[in-house]
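S.K.: can't give you the sequence, but here's the structure:
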């Protein structure tokens, strides 16, 4: 009997050894997940990130902590995630800034943008609105461009992200005007100054601009997509307003992980983000702001991000924006 007992004990121990990794795998996530939003509270990225991650938390049955780390067009937050342990418990809510355009805007990044991240899930995209302070005499985008031509370097334009900076720079380049570009640390602060008249123009994501435009606090002049937006159907596209053909810039959002993150964590987060994207309350919340939700696989995000990187490089080079 003692010998039989020992054999049973050994068999149990061996079985436990094989079962432990499986149990660990099945238990992911077993602790809170951190998602870094590389822009300020109240920004479009923050609004989208918090809404989506609340749903992700419900799906995964685990706390998801959203942490804002704004600065340098999203670079600080992206750098934080790039150096984080690839254990499936840190993710980045990336954008066209952090994952496509930054390497063309900065002389040096603290991470390799092309290899530092693993694609997880595409979230969606949103157009921008060219908006002015209500006291600016221009009532149309053409009138604004005419004003900028008459007063070179005197029309002040705010920006707090890559999409905001590049959209204004491309507009200036295509129309031959010179703006007075003023950088801000956050979109909400730039919007406050636009409303207050400290700056004249702000081209920003719908999440920031549409409520203020509809509330009469600013005047929208045009949208940066190739088609009019259902959220503000009265506003023409930049192409319509100026008789152009090739102007188009939209902001996109996606989830990334540090390179080397386990496939299981990536796949579970992908499924949870896609479930959030397909939920009616998320769609109802963001549809009025022109947010186009487009769920997909990590591989589809990887391919999309390659195409976006090429697109943003072209826009930045044609706008002649010098790396800083």
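M.R.: Here it is on my side, so go on. Just so it is clear, the structure is predicted and the values come from calculations on it, not from any experiment.

S.K.: which outside residues touch the host helix or strand of residue 146?
M.R.: Using DSSP states H and E, residue 146 sits within helix 141-150. Outside helix 141-150, the residues that touch it by Cβ atoms under 8 Å, 6 or more residues apart in numbering are 130, 132, 136-138, 154-155, 172, 175-179, 201, 221-222, 236, 238, 241-242. Yep, even glycine has a C-beta here, placed from its N, CA and C like the rest.

S.K.: Could you chop the chain up by domain?
M.R.: Domain assignment of the chain by automatic domain parsing yields the ranges 33-125+251-318, 127-242.

S.K.: what distance separates the start and the end of the longest one?
M.R.: So the one you mean is domain 33-125+251-318. By Cα to Cα, to the nearest Å, the extent of domain 33-125+251-318 from end to end equals 40 Å.

S.K.: for the record, mean pLDDT for that domain?
M.R.: Domain 33-125+251-318 carries an average pLDDT of 93.

S.K.: from the chain's centre, how far out does it sit?
M.R.: Offset of domain 33-125+251-318 from its chain centre (Cα atoms, centre = their mean, to the nearest Å): 6 Å.

S.K.: Selecting buried members of the contacts of helix 141-150 in PyMOL, what would you type?
M.R.: Selection of the buried residues among those in PyMOL, burial being defined by 16 or more other Cβ atoms under 10 Å:
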select buried, resi 130+132+136+138+155+172+175+177+179+201+221+222+236+238+241+242
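
S.K.: Out of the contacts of helix 141-150, name the ones that lie in helices.
M.R.: Taking DSSP state H as the definition of helices, the contacts of helix 141-150 contribute 172, 175, 238, 241, 242.

S.K.: Might one say that the last one is in contact with residue 177?
M.R.: Meaning residue 242. No. Residue 242 is not in contact with residue 177 according to Cβ atoms under 8 Å; the separation is 11.0 Å.

S.K.: for the spatially closest residue to residue 154 that is not a sequence neighbour, which residues make a bridge with it?
M.R.: Once flanking residues are discounted, residue 154 sits nearest to residue 180: 6.3 Å by Cβ to Cβ, 6 or more residues apart in numbering. Listed beta-bridge partners, residue 180: residue 156 (assigned using DSSP bridges).

S.K.: Neighbours of residue 180, how many?
M.R.: Neighbour count of residue 180, defined by other Cβ atoms under 10 Å: 16.

S.K.: List the residues that contact it.
M.R.: Contacts of residue 180 by Cβ under 8 Å, 6+ apart are 153, 154, 155, 156, 157.

S.K.: Mind listing what's buried along the helix holding residue 146?
M.R.: Buried, per 16+ other Cβ under 10 Å, within helix 141-150: 141, 142, 144, 145, 147, 148.

S.K.: how far is it from where the chain is centred?
M.R.: Using Cα atoms, centre = their mean, the distance from the centre of helix 141-150 to the centre of the chain it belongs to is 30 Å.

S.K.: and if you look at stretch 204-217?
M.R.: Distance, stretch centre to chain centre, for stretch 204-217: 18 Å (Cα atoms, centre = their mean).

S.K.: Rebuild the contacts of residue 180 as a markdown table, extending it with distance to residue 44 and pLDDT.
M.R.: Listed next are the contacts of residue 180 as a markdown table, based on distance: Cβ to Cβ, whole Å; pLDDT from 0 to 100:
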| residue | distance to residue 44 | pLDDT |
| --- | --- | --- |
| 153 | 28 | 94 |
| 154 | 28 | 96 |
| 155 | 24 | 97 |
| 156 | 22 | 97 |
| 157 | 18 | 97 |
